[in-house]
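*Asks:* sequence plus predicted model, see below.
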Amino acid sequence: MTRRLAILGGCGGIGRALVAAAAKQGYQPVVLDLAASIAAHPLDGIDCRPVDATDPASLAAAADGLGDLAGFVNLCGFAGSLKPLPDTDETALREVIDGNLFAAIHAARAFAGRLAPGAAIVNTGSGLGHYARPGFGPYAISKAGIAALTRQLALELAPRNRVNCVSPSAVDTAFLQGGTGRSEAGVAQGLDFDAYAKAIPLGRIAVPADVVGPVLFLLSDAAGYMTGQVLHVNGGGYMP
């Protein structure tokens, strides 16, 4: 039986690691991402479909013809420039919230009806959605919304499907430069990697594999009695 797994944002650093790990576990990954990201990170032998996650019609078109899905993972999103919320202009505010929260809502609406019985959705939040830090206002607000979206979907899709959320801390990928398909160079959002690692109980910044394992767990039958939950993956940096 084909276990088709749709991964939105599958060409990013975490996404590429998830595609490889999911394929080893017997999933058939289908990657949905920006055309620029697909071009920059081609995945041999993987069904890759260009999509604009801020456009509901684009997501609906990408979902067409997929058949029943064993799971859907939403990894898409990006962070804008670091500014106090009162100093963030309207355009930048809307861009970040549209690219994170509204993209997640549009994706859930497009793919929820594609899930086979027992299949699961895994959203991606952020510790910043639960633990406020200066300068991350729009991003934090959008990720807090994804936690609420996860709970809402968990109630409304139960008992047929489960919905959970991974909430990572900073992960050493191109995301720290804005996001795959947006920027691959530059200062990592002002993040001092050494200072950051020293503040984490486990003593290092996260790498993609640290997030991939929890995502696969939440998709699996091992998490069959978990829904509506936020699973924090942060090396102990935030302990709710």
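*Replies:* Right, received. Where do you want to start?
*Asks:* next, the contact list for residue 15, please.
*Replies:* Going by C-beta atoms under 8 Å, 6 or more residues apart in numbering, residue 15 touches 7, 9, 31, 33, 75, 180. No exception for glycine: its C-beta is placed from N, CA and C like everyone else's.
*Asks:* tell me the first helix or strand C-terminal of the helix or strand bottoming out on mean pLDDT in the chain.
*Replies:* Sorting the helices and strands of the chain by mean pLDDT, DSSP states H and E puts helix 193-198 at the bottom, at a mean of 86. For helix 193-198, the following helix or strand on the C-terminal side (DSSP states H and E) is helix 208-219.
*Asks:* next secondary structure element downstream of that following helix?
*Replies:* Past helix 208-219, the next helix or strand by DSSP H and E is strand 230-233.
*Asks:* direction included, what does that following strand pair against?
*Replies:* Strand pairing for strand 230-233, using DSSP bridges, gives strand 162-168 (parallel).
*Asks:* list the contacts of the strand it pairs with.
*Replies:* Everything outside strand 162-168 that qualifies as a contact, by C-beta under 8 Å, 6+ apart, is 14, 120-127, 129-130, 143, 146-147, 150, 153-154, 157, 206, 210-211, 214-215, 218, 223-224, 226-234.
*Asks:* one more pass at 6 Å, please.
*Replies:* Applying C-beta atoms under 6 Å, 6 or more residues apart in numbering, the external contacts of strand 162-168 come out as 120-127, 147, 150, 153-154, 157, 206, 211, 214-215, 218, 226-227, 229-233.
*Asks:* quick one: it to helix 208-219, angle?
*Replies:* 160 degrees (axes from the mean of the first three to the mean of the last three C-alpha atoms, to 10 degrees).
*Asks:* what segments of the protein are helices?
*Replies:* Shown for the chain, the helices assigned by DSSP state H span residues 13-24, 35-40, 56-63, 90-97, 103-111, 137-157, 193-198, 208-219.
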